[in-house]
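Student: Sequence and predicted structure are below.
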Amino acid sequence: MRILLAILLLCMQTAAAKDFYVAVKGNDKNPGTKELPFATLERAKLEARKYKREQVTVYLMEGTWYLAAPLEFTEEDSRSSKTPLYFQAMNEGTPAVIKGSIRLRLVFKRHKKGMLRAQLPAGLPAFDQFFVNDSLQVLARYPNFQREAMPLQGTAADAISKERVAGWANPAGGYIHALHASEWGGMHYRITGKETDSTLKIEGGWQNNRPSLMHKKYRYVENIFEELDAAGEWYADHSRHTLYYKPAAGADMGTAVIEVPVLESLVTFKGKPNAPVRGIYLKALRLQHTLRTFMLNKEPLLRSDWTIHRSAAVYFAYTEYCGLEKCAILSTGGNAVLFSNYNRHTIVYSCHIAQAGGGAVSFVGNPQSVRSPAFRYEQFVPYNQLDQTPGPIGNDFPDSCIVALSLIHDIGLVEKQVAGVQLSMARSILVARNVIYNVPRAGINISEGTWGGHQVCNNDVFNTVRETGDHGAFNSWGRDRFWHPNRAVMDSLMIAHPGLWKLDAMLPTHIYNNRFRCDNGWDIDLDDGSSNYYIYNNICLNGGLKLREGFHRVVKNNIIINNSFHPHVWFRNSLDTFQHNIVSGPYLPIRIPDWGGGVDSNFFPDEAALRKIQQWGIDAHSAAGDPLFEDAAAGNYKVKQSSGAIAVGFKPFDMDYGMDAGWLSALAESPPIPIIMRVSTDASAAYTFLDMKVKNLNTLAERSATGMDKEIGVLVLEVPTVSPWHGPIQPNDVILELAGAPVNNIQDLLNARMKVQWHASAPVIIFRDQKRQEVKVPLK
């Protein structure tokens with residue numbers, strides 16, 4: 001990995017030969033010198049075409065460029081990677097900003113109910129984002145925006161009830177945003193009108209490749225004038241060219257900088273199949289403000305759960321040796337960066353991506369490169385019609401590209417089926433040393449097996465799956481040519497043709513030396529069909545590791561904190577291996593007909609957990625005990641040389657995640673370090689569970705105080721307001737069941753929680769006020 005990065009950086013650091021300068025107050029008739037700079041980026045681009053045999057650097061002086069159209073590089077701008085073209089800030093410490101917005105100078109007048117009103121300029125394109133002093137304001141919505149509310153920053157089951165709709169004079173142009181009924185991402189609808197009975201007319205819902213109704217509870221509406229009732233909300237009546245806004249108390253709208261996005265992309269690299277754009281980089285620039293694109297998100301990505309719109313603030317198609325270095329891509333309405341179809345040796349390096357309405361960095365190939373493709377979960381190509389040639393057709397997909405040393409956070413502000421890094425129909429992508437957090441779904445997602453060879457290493461990924469469910473900090477699917485929606489058909493197919501899984505996942509994908517944390521799903525989730533993975537030297541801080549149906553997953557030398565291994569519905573002869581790992585409890589299998597011979601030599605927290613597992617005929621050479629972490633409270637999980645884990649083959653590894661020291665390191669957050677839940681032999685021991693203080697009910701005094709007829713269950717001692725169970729659960733409650741599983745002690749409670757960790761909520765049986773009661777608790 002380091003060698004590959006060094007080679008790319010060497011290509012980007014050759015001696016300067018020709019320099020041009022651009023300033024907001026320059027003039028395109030100038031020669032482009034530092035003293036007499038150009039005014040526009042387009043003029044500098046055209047001038048650079050004359051010097052393709054020399055390295056050219058276009059320096060942007062401090063200032064903000066409001067683009068009338070995207071800056072587009074084509075094959076006419078292409079040059080040798082040895083004489084690259086840079087568009088970069090003159091001084092990395094001072095901002096050179098490129099925006100896809102228009103600055104408005106509005107005259108506000110008082111309206112009613114604390115609102116202001118302003119006339120919009122004639123000819124202004126329609127917009128659906130509104131920035132005041134670089135802060136995104138809230139498009140009038142119900143329920144009102146609550147920044148920390150999950151999901152969707154506030155939802156209401158009655159958001160589109162007839163009673164509410166009856167109060168809207170003309171809702172056409174409004175939007176409904178909702179979660180998928182199974183919480184597998186988000187869905188969006190445009191309101192086109194309403195019926196006489198106040199039923200809405202809508203279109204949309206195509207943004208998820210697993211179609212469903214919208215969620216009955218998790219939904220909200222926006223762009224409805226009658227819902228403009230909170231400070232910071234706005235509404236634009238484009239037919240009357242009028243803006244309504246309710247500013248925060250004390251806001252000075254006379255001096256405020258007001259901007260509205262009007263472009264979908266800021267910079268595009270658009271080559272052709274036989275004429276790629278080559279040798280062009282953006283460096284140390286700030287790129288901001290693009291339109292939202294959620295209603296354009298329609299293209300299915302094979303049989304994954306994803307759809308996508310091939311557009312972004314920075315868009316690459318048919319490129320070689322191009323990229324972004326030390327750029328900040330902020331406040332984009334849709335995707336931040338997208339690589340479409342053929343791209344080679346193109347990079348995102350040391351960039352800051354935040355506040356994106358869509359995804360951060362996506363690599364998406366051409367489905368015409370896929371042999372025997374299908375495009376929905378329930379679709380398949382019959383075996384007798386299957387192209388059995390391994391690998392892709394041609395080369396129209398991303399290959400040998402890099403996302404490294406970047407900070408990615410607070411994305412998916414509108415769209416929820418997004419990721420920090422998304423790979424689909426791509427090969428040999430390096431995802432290294434990134435810090436990714438505050439995302440609604442996966443931090444890193446691989447949509448299918450086509451065509452493997454990826455390396456995912458030294459990333460720090462946490463605060464994931466915050467608004468959805470049944471997913472992981474790292475997630476993958478593998479619904480490739482071998483995969484069939486009918487499990488019985490697939491079983492018979494794989495027995496008859498055991499090598500079929502290799503046709504698409506032809507190269508192994510390596511996931512190593514990462515730190516993952518997911519509090520609403522799995523830390524590592526290899527879902528339907530995911531095959532040909534090597535997973536090693538990872539720290540899983542909370543959600544455990546799941547392997548659903550697939551082939552040849554080699555999982556070795558990982559540390560799983562407060563969770564365990566989740567094998568789900570394996571194939572016979574799956575070739576899966578789980579060895580030399582440190583786990584925190586018994587495995588949690590679902591429908592495992594054949595463990596194979598590869599599950600052994602692991603390290604368990606206690607003999608009881610180990611004995612339970614060995615009853616299944618596995619882990620004959622495994623051991624149990626305290627793993628002897630050096631400093632678990634500080635997140636240092638290196639094991640001491642005296643650890644029993646070493647005796648079963650565990651090898652200590654360096655725990656080095658995320659970015660090296662640099663311009664982004666001071667901005668990056670770190671994951672919360674869990675308190676390790678070890679069941680003590682001390683009967684009086686108390687534990688922290690979901691921020692509550694709990695203990696085994698095991699004394700006569702506790703039995704008397706609670707009214708229990710026997711000493712069993714988990715006694716709740718404290719329920720602070722930060723606990724997700726604050727409210728339904730109260731001090732002195734005794735937890736007896738979680739999601740139907742009996743809870744006799746702390747270990748039972750931990751095991752029950754692991755089994756349902758991806759669910760939104762679950763029933764809990766408690767003993768309170770001298771009787772058993774059922775309450776519903778959130779699990780996210």
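Tutor: Received it, and whenever you're ready, just let me know what you need.
Student: Any figure for the gap between residue 515 and residue 590?
Tutor: The spacing between residue 515 and residue 590, counted by CB to CB, to the nearest Å, is 26 Å. C-betas here are computed from N, CA, C, even on glycine.
Student: Name the residues of stretch 110-126 that are buried.
Tutor: 115-118, 120 (16 or more other CB atoms under 10 Å).
Student: can you redo the residues you listed as JSON lines with pLDDT and secondary structure?
Tutor: Below are the buried residues of stretch 110-126 laid out as JSON lines (pLDDT from 0 to 100; DSSP: H, G, I helix; E, B strand; the rest coil):
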{"residue": "115", "pLDDT": "96", "secondary structure": "coil"}
{"residue": "116", "pLDDT": "97", "secondary structure": "strand"}
{"residue": "117", "pLDDT": "97", "secondary structure": "strand"}
{"residue": "118", "pLDDT": "98", "secondary structure": "strand"}
{"residue": "120", "pLDDT": "97", "secondary structure": "coil"}
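Student: quick one: low-confidence ranges for the stretch 551-700 of the chain?
Tutor: Along the stretch 551-700 of the chain, the model assigns pLDDT under 70 to residues 661, 679-683.
Student: re earlier: show me which of residue 515 and residue 590 is the more surrounded one.
Tutor: residue 515 (25 against 12; other CB atoms under 10 Å).
Student: The more buried one reaches residue 539, doesn't it?
Tutor: Yes: here residue 515 lies in contact with residue 539, judged by CB atoms under 8 Å, at a distance of 4.5 Å.
Student: Now do the shared contacts for these two.
Tutor: residue 655 (CB atoms under 8 Å, 6 or more residues apart in numbering).
Student: now the end-to-end length of stretch 332-345.
Tutor: One end of stretch 332-345 sits 25 Å from the other (CA to CA, to the nearest Å).
Student: Likewise for stretch 347-367?
Tutor: 22 Å.
Student: per-residue confidence averaged over that stretch?
Tutor: Across stretch 347-367, pLDDT averages out at 98.
Student: Can you point out the buried residues in that stretch?
Tutor: 347-367.
Student: now, which of the buried residues of stretch 110-126 sits nearest residue 685?
Tutor: residue 115 (57.8 Å; CB to CB).
Student: got the contact list for the closest one?
Tutor: Residue 115 neighbours (CB under 8 Å, 6+ apart): 228, 244-246.
Student: quick one: contacts of stretch 20-33?
Tutor: 34, 36-41, 43-44, 47-48, 56-61, 63-65, 90.
Student: In helices, which of these appear?
Tutor: 41, 43-44, 47-48 (DSSP state H).
Student: of all those residues, which comes closest to residue 262?
Tutor: Nearest to residue 262 among these: residue 41, at 16.8 Å, using CB to CB.
Student: sorry, back to before: now that we have the ones in helices among the contacts of stretch 20-33, can you turn them into a markdown table and tack on pLDDT?
Tutor: Listed next are those as a markdown table, based on pLDDT from 0 to 100:
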| residue | pLDDT |
| --- | --- |
| 41 | 98 |
| 43 | 98 |
| 44 | 98 |
| 47 | 98 |
| 48 | 98 |
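Student: For the chain, give me the ranges with low pLDDT.
Tutor: Residues of the chain meeting the criterion pLDDT under 70: 1-16, 661, 679-683, 780.
Student: hang on, the earlier thing: most widely separated two among the buried residues of stretch 110-126?
Tutor: Greatest spatial distance among these (CB to CB): 115 and 120, at 15.1 Å.
Student: what's the closest non-adjacent residue to the spatially most central residue of the chain?
Tutor: Nearest residue to the geometric centre of the chain (CA atoms, centre = their mean): residue 419, 2.8 Å. Using CB to CB, 6 or more residues apart in numbering and skipping residues adjacent in sequence, the residue nearest residue 419 is residue 445, 3.9 Å away.
Student: Now for the one you found: which residues touch it?
Tutor: By CB under 8 Å, 6+ apart, the residues touching residue 445 are 306, 419, 421-423, 474-476.
Student: how does it look with 7 Å?
Tutor: 419, 422, 475 (CB atoms under 7 Å, 6 or more residues apart in numbering).
Student: between these, which is nearest residue 572?
Tutor: residue 475 (25.1 Å).
Student: re the thing from before, isn't there a strand covering the residue nearest to residue 419?
Tutor: Yes: assigned with DSSP: H, G, I helix; E, B strand; the rest coil, residue 445 falls within a strand.
Student: which stretches of the stretch 601-750 of the chain form strands?
Tutor: 603-604, 623-624, 629-631, 636-639, 686-689, 692-696, 714-718, 734-738, 741-742 (DSSP state E, counting those that start in this stretch).
Student: before we move on, what SS does residue 163 have?
Tutor: helix.
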